[in-house]
Structures are given as structure tokens and as C-alpha cells.
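Colleague: what's the 3D shape of this:
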Amino acid sequence: METPLASGSLEGKRALVTGSSRGVGADTAQYLAAAGAKVVINYRNKEKRAVQLVDKIVAAGGDALAIGADLTDPASVGGMMSTVEKEWGGLDLLVLNASGGMESGMAENYALLLNRDAQVDVLNQALPLMAPGSRVVFVTSHQAHFIRTTETMPEYLPVALSKRAGEDALRELIPSLTEKGISFVVVSGDMIEGTITATLLERSNPGAIASRRESAGKLYNVAEFAAEVASAAVDEIPADHERLVGDVSDFAKA
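Modeller: Sure thing, here's the model as predicted:
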């Protein structure tokens, strides 16, 4: 796969991408590894898929490690961070990619637990491993980022509200991160073709993807959006700490 980052541009860097056994997280991890970073492939229960991705990265000349952790369990997150410290000594890049809330059979508060509380906990537990010059990237959607001013599909509402709550909670940490010399950026994208979320929304609202594509002019696919996430790891951070990917003309600024 083509990489958006210059070869060797992340040489010696250590990255952790949450929820990276598939989709945007997996492609982001591969891009980072191709640029020279050591990458942790974090998964909740898809160990085989995570190990296969590690093997793929290693076969391409990269360095990766698969670590399972339930991000909603602080003890599990702590175990992951301990493994990272033991294996690599620290972290230079944390990509908060994992999200959820549309799964069936989960607790009523699961979306908020994963999309807000877990994001803050993962960052707080990673901070002791991160030195000045490190970076945190939070991945979200326009439907969540702009939820205060622009309605979304009812099936996605719990996800949108909880991800916006997560973004807000993380943004509150920007002053303390800045004091530590750690930068923070939000990467927000429209509906991403080929993701599980888009598939579930299309199933509930037939024609939703085509309608959104027509309105936006273009919808990014998994690889294209992952390239933007990976680029956010090295590009200069905007003053508002956000990188909006794709058309946002249908979304009202707060």
C-alpha cells in the first residue's frame, strides 16, 4: 500500500493505535510502520487478526507488537501500558482510534464508557510513558464533532453524543498536555466507506451512503482516511487543534 509519510520520517518513534486490528486503525498502523515507527496493534478480542497484521508489517520490514486490552477496563489498559514500557521503554505517539456504541447486546452506558471515559483513561495511563515532543491524535467523525449544531441519524446518535463528550473531555486536557510538551489534534472525517459503522448505518437507512456521497461530493474510503490520520501524526497542528477531512459545508459550526 502507498504510504502518505516519507520513508524513515518516524524512524525510532513508538506508536500505539487503539482499535487497530482492522479498518482505519489497521491502515493507520501500517502507514506509521512504513514510515519507520514501531507500532502497537491494540485489539479487544480479535487476537488472530491482530497477529496477522503484525506479521504483515514485519514482512514489509516494519516492527509491530499485538497487545490485547479492553479499553473500558482500567486494569486491562494498565497491563497494556506496562507491556509497552517493558518492550519499548515509552511512547511517542498515541492514536485514539477505537470507538463503538452501535454493537448489540452491550450495556446502555457502553457508548459513553468507551467513547469518553476510556479515551481519557487510556491517555492518562499513557502519559507517564510520553516525553516532551510526543503527540496524541483523537479520531472522530463529523457527525460526532458537529452533533451540537447538526442532527445525525438516530441510530448513530448515542455514538455521536458520546464521541463528542470524549472529544470535549480530551480537549480539557490540552493545557496540561501543552505544559508537558505533548501536542494534541483531533482528526474528524465524514462517513467512511468500507467501515463497519457505515455498513450498519446503511443497513438501517438504505441509501444513506449514496445520499451522503452526493451531498459531500466525495466520501473517503478506509485507506484514504487512515492516510489523513497518519499524516496528523507529523503535520503541524492547527491553532484549533482539529483536522477536518473532506467537505464540511453541510455541518454547522458551533
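
Colleague: Quick check: the gap between the residue positioned nearest the centre of the chain and Pro154.
Modeller: Nearest to the geometric centre of the chain sits Asn97, at 1.7 Å (C-alpha atoms, centre = their mean). Distance check for Asn97 against Pro154: by C-beta to C-beta, to the nearest Å, it reads 25 Å. Quick note: C-beta positions are derived from backbone N, CA and C, even for glycine.

Colleague: now do Ser176
Modeller: From Ser176 over to Pro154 (counting by C-beta to C-beta), the distance is 36 Å.

Colleague: buried ones in stretch 59-74?
Modeller: Neighbour-count burial for stretch 59-74, counted by 16 or more other C-beta atoms under 10 Å, picks out 62, 64-72.

Colleague: For the protein, just list every one of the strands.
Modeller: Assigned by DSSP state E, the strands in the chain fall at 14-17, 38-43, 63-68, 91-96, 130-141, 183-189, 242-245.

Colleague: and the last one, what's its mean pLDDT?
Modeller: Strand 242-245 comes out with an average pLDDT of 94.

Colleague: How about the fourth one?
Modeller: pLDDT averaged over strand 91-96 equals 98, rounded to a whole number.

Colleague: Only C-alpha atoms, please: export it in PDB.
Modeller: C-alpha atoms of strand 91-96 as PDB (Å, rounded to 0.1, in the frame of the first residue of the first chain):
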ATOM      1  CA  LEU A  91       5.600   6.000  23.600                       C
ATOM      2  CA  ASP A  92       6.000   8.900  21.200                       C
ATOM      3  CA  LEU A  93       2.600   8.700  19.600                       C
ATOM      4  CA  LEU A  94      -0.800   7.700  20.800                       C
ATOM      5  CA  VAL A  95      -3.600   7.400  18.300                       C
ATOM      6  CA  LEU A  96      -7.000   7.100  20.000                       C
END
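
Colleague: just the angle between it and strand 38-43, please?
Modeller: 30 degrees (axes from the mean of the first three to the mean of the last three C-alpha atoms, to 10 degrees).

Colleague: Report the distance from strand 91-96 to the chain centre.
Modeller: Its chain's C-alpha centre lies 10 Å from the corresponding centre of strand 91-96 when counted by C-alpha atoms, centre = their mean, to the nearest Å.

Colleague: Run a quick check on Pro158 versus Ala111, I expect a contact.
Modeller: Yes - the pair Pro158 / Ala111 is scored as a contact, 4.4 Å apart, by C-beta atoms under 8 Å.
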